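Student: Predicted coordinates and the sequence they were generated for:
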Amino acid sequence: LAAECDIVGGRPGPEAKSHFFVISLLAPLLETLLDARIYDLWNILEVPSNKTVLELVDSSNCTSRRCLSNVLIDKNLLSQPQNDSCTQEVRVPILEYQTLEVNTKQLHLLILLQASIEWEDPELAWDTSVYKFDEVILPVDKIWTPELFVTNAITSTLKHSSANVLVYSNGTVKDNLIINAEVNCEVNLFNYPFAYDVCPVAVQAWGTDKCGTTLKFGDLILTDNSHGDWQTVDAELQKKRDDRNYIHVELKLKSTNPFLTLMLPSYLIIFVDIVSFALPLRGGGRNAFKVTLVLSFTLFINILNSQLPGDSECSPIIRPHFCICLIFLVVSMVVSMLTTRLSLEGQLVFCCWSKGSAPKITENKEQNEDEETKADISTIQPNGSENSQILRKVAKYLETHETNEAEKERQHKFADMLDKTFFWIYFLGGLGYLVIMTVIMLNYKCEVNHFDFWHN
């Protein structure tokens, strides 16, 4: 620049002035460009406090499973995969069913479902030429996962069997779900303790207005099919509609325990009551025994009331069975008391007290006269006329006594005939009732609508 300047008297020449003018115009522009360049360089070199320079340099070259997992997590795919049809198919290749308990009081079914599910999420796929892995593990709460629920459940809890899911390179995701549910099932208990019925367990996923999740089931596995008094005979996947899948569960009550504790005692008490007719009609022993049977059976019903099933649309027939057995016992007791009175008193009318007391007064009078006669015989030597009078009195007394004894014998035979007649009626009626009741319990079917939770 100095060479190009023509300094004359310490003043610049014309060419120098033109150069200075150009430089003065370009200087602000050069300064701005230089500052921007320095700022960009600083942003490139600036590193956050939670990372190291080494991590920053190697991030572009990281191809490990964890790096792949972090890349997929950063996509933040928490919504359902949505295509043109607005539905997402979820496959359930294996569904395990288990009956935990059958509550016969509230008519509830406690169940456990374990489902292996899988679905496609194209945005979770990756290029295997970059990441040399076919599968990777992701946290279950970092991506969208479908939810299964039991439609006719009163309460239901859903949880994942693990905190992670398995994702494949083609976008396939696999997960395992555990569902505990209390199902409202109107179990048919009419034939209790020989109860047998089916109960639907509706398994669905969320969906509305042709959008949501559809389920495609594979195999259903029945596990641990016996709990308590109930046995799960079979479980089968069925459909009401394409979007209404349910498990057809067949339940059967193990009749051994309730039959031994409920039915057999009632049969035996009726049998013992029939045999009690072998006791003598007089003496009161039979009546006392029958009263004991009635009280014992009443106490038996009160004690076992907590074990009887609750009422439902088809109320258990065992409840009226116990009532009928109690009626049998009471009728037998009352008839036995009446025949005993008929045998002793000769009548069943309780209000006519005077008629019943007259024979006693006459008998007492005859006894007093007899005693006076005996006293006269012992103190006074009778003559001929008096002797004949005494003989007439004795003959009359013996005749009256024989008449009374014959009347009592006739009354006893009549009461015994009535007792035997009632015994055969009671025997045939009780035996026939027990046979008919057993046949009804085993064969009659009460129809119950188990699908009323689906209204349309």
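Tutor: Nice, thanks for sending it over.
Student: drop to CA atoms for contacts and neighbour counts, all remaining ones
Tutor: Fine.
Student: show me where the stretch 1-150 of the chain has strands.
Tutor: 87-103, 108-120, 135-139, 148-150 (DSSP state E, counting those that start in this stretch).
Student: With residue 218 as the reference, name the closest of these.
Tutor: Distances from residue 218 to each of the strands of the stretch 1-150 of the chain were compared by CA to CA, and the smallest falls on strand 87-103, at 4.2 Å.
Student: and that closest one, which strands flank it?
Tutor: strand 108-120 (antiparallel), strand 211-222 (parallel) (DSSP bridges).
Student: With respect to residue 261, which of the strands of the stretch 1-150 of the chain lies nearest?
Tutor: Residue 261 lies closest, by CA to CA, to one member of the strands of the stretch 1-150 of the chain: strand 87-103, at 18.4 Å.
Student: In that closest one, which residues are buried?
Tutor: By neighbour count with 16 or more other CA atoms under 10 Å, strand 87-103 contains the buried residues 87-88, 90-92, 94-103.
Student: which outside residues touch that strand?
Tutor: 80-82, 108-120, 146, 210-228, 230, 232, 235 (CA atoms under 8 Å, 6 or more residues apart in numbering).
Student: hmm, try it at 6 Å
Tutor: By CA atoms under 6 Å, 6 or more residues apart in numbering, the list of residues contacting strand 87-103 from outside reads 109-119, 211-223.
Student: could you give the mean pLDDT of the helix or strand harbouring residue 180?
Tutor: Assigned by DSSP states H and E, residue 180 belongs to strand 172-184. Along strand 172-184, the predicted local confidence has a mean pLDDT of 94.
Student: go on, stretch 323-343?
Tutor: Per-region confidence: stretch 323-343 scores 90 on mean pLDDT.
Student: same thing with stretch 423-432?
Tutor: Here the average pLDDT along stretch 423-432 is 92.
Student: List the buried residues for that stretch?
Tutor: By neighbour count, and taking 16+ other CA under 10 Å as the criterion, the buried residues in stretch 423-432 are 423, 426, 427, 430.
Student: Cross those residues against helices and list the overlap.
Tutor: Those of these mapping onto helices are 423, 426, 427, 430, per DSSP state H.
Student: okay, the residues you listed in JSON lines with distance to residue 188 next?
Tutor: Conversion of these to JSON lines gives the following (distance: CA to CA, whole Å):
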{"residue": "423", "distance to residue 188": "37"}
{"residue": "426", "distance to residue 188": "32"}
{"residue": "427", "distance to residue 188": "32"}
{"residue": "430", "distance to residue 188": "27"}
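Student: Go through these and name the one nearest residue 312.
Tutor: residue 430 (28.0 Å).
Student: ranges for the helices of the stretch 201-350 of the chain?
Tutor: 256-258, 264-275, 285-304, 318-345 (DSSP state H, counting those that start in this stretch).
Student: now the stretch 1-150 of the chain
Tutor: Using DSSP H, counting those that start in this stretch, helices in the stretch 1-150 of the chain cover 14-45, 53-58, 65-74.
Student: ok, back up a step: what sits up against the strand holding residue 180?
Tutor: Surrounding strand 172-184, the residues in contact under the criterion CA under 6 Å, 6+ apart are 108-120, 152-161, 165-167.
Student: Between the ones in helices among the buried residues of stretch 423-432, which sits nearest residue 189?
Tutor: The shortest distance between residue 189 and any of these, using CA to CA, involves residue 430 and amounts to 24.2 Å.
Student: still on that earlier bit, generate TSV for the strands of the stretch 1-150 of the chain, with mean pLDDT and distance to residue 310 as supplementary columns.
Tutor: Formatted as TSV, the entries for these read as follows, by pLDDT from 0 to 100; distance: least, CA to CA, whole Å:
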stretch	mean pLDDT	distance to residue 310
strand 87-103	92	9
strand 108-120	93	11
strand 135-139	94	46
strand 148-150	91	24
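Student: got a markdown table for those, with distance to residue 300 too?
Tutor: What follows is the strands of the stretch 1-150 of the chain, written out as a markdown table (distance: least, CA to CA, whole Å):
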| stretch | distance to residue 300 |
| --- | --- |
| strand 87-103 | 23 |
| strand 108-120 | 27 |
| strand 135-139 | 59 |
| strand 148-150 | 40 |
